[in-house]
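Visitor: Coordinates for the following, if possible.
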Amino acid sequence: MKKAYFKYLNTLLVVIPMTLIMAFVGLMRNYGFGEDWFIKFLKAWSIMLPVSYLSAFMIIPLARKLAEKIASKN
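Guide: The predicted structure follows:
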């Protein structure tokens, strides 16, 4: 795999399980195991995944810069 595509795949592999967990926890807190909980879960996750994936590309570089700034002070 080309290095250019690595960051996209790596980000996707982090975002998928995180959004699955977050959608599940949020759904259970708000609705519990109702009759149509799985459909609600899929709807919530289908919105969360692309939003989180795109957000990660904005947040990760900023977080990296901030961490480097904090680490360089020590």
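
Visitor: CA atoms for contacts and neighbours, from now on please.
Guide: Fine.

Visitor: Off-centre distance for the top helix by length along the chain?
Guide: In the chain, taking DSSP state H as the definition, the longest helix is helix 37-73. For helix 37-73, the separation from the chain centroid amounts to 5 Å (computed by C-alpha atoms, centre = their mean, to the nearest Å).

Visitor: which residues of the chain score low on pLDDT?
Guide: 1, 74 (pLDDT under 70).

Visitor: Report the contact partners of the most centrally placed residue in the chain.
Guide: With distances taken as C-alpha atoms, centre = their mean, the chain has residue 15 as the residue nearest its mean C-alpha position (3.4 Å). Contacts for residue 15 (C-alpha atoms under 8 Å, 6 or more residues apart in numbering) come out as 49, 52-53.

Visitor: again, but for residue 24
Guide: When contacts are counted by C-alpha under 8 Å, 6+ apart, residue 24 touches residue 41.
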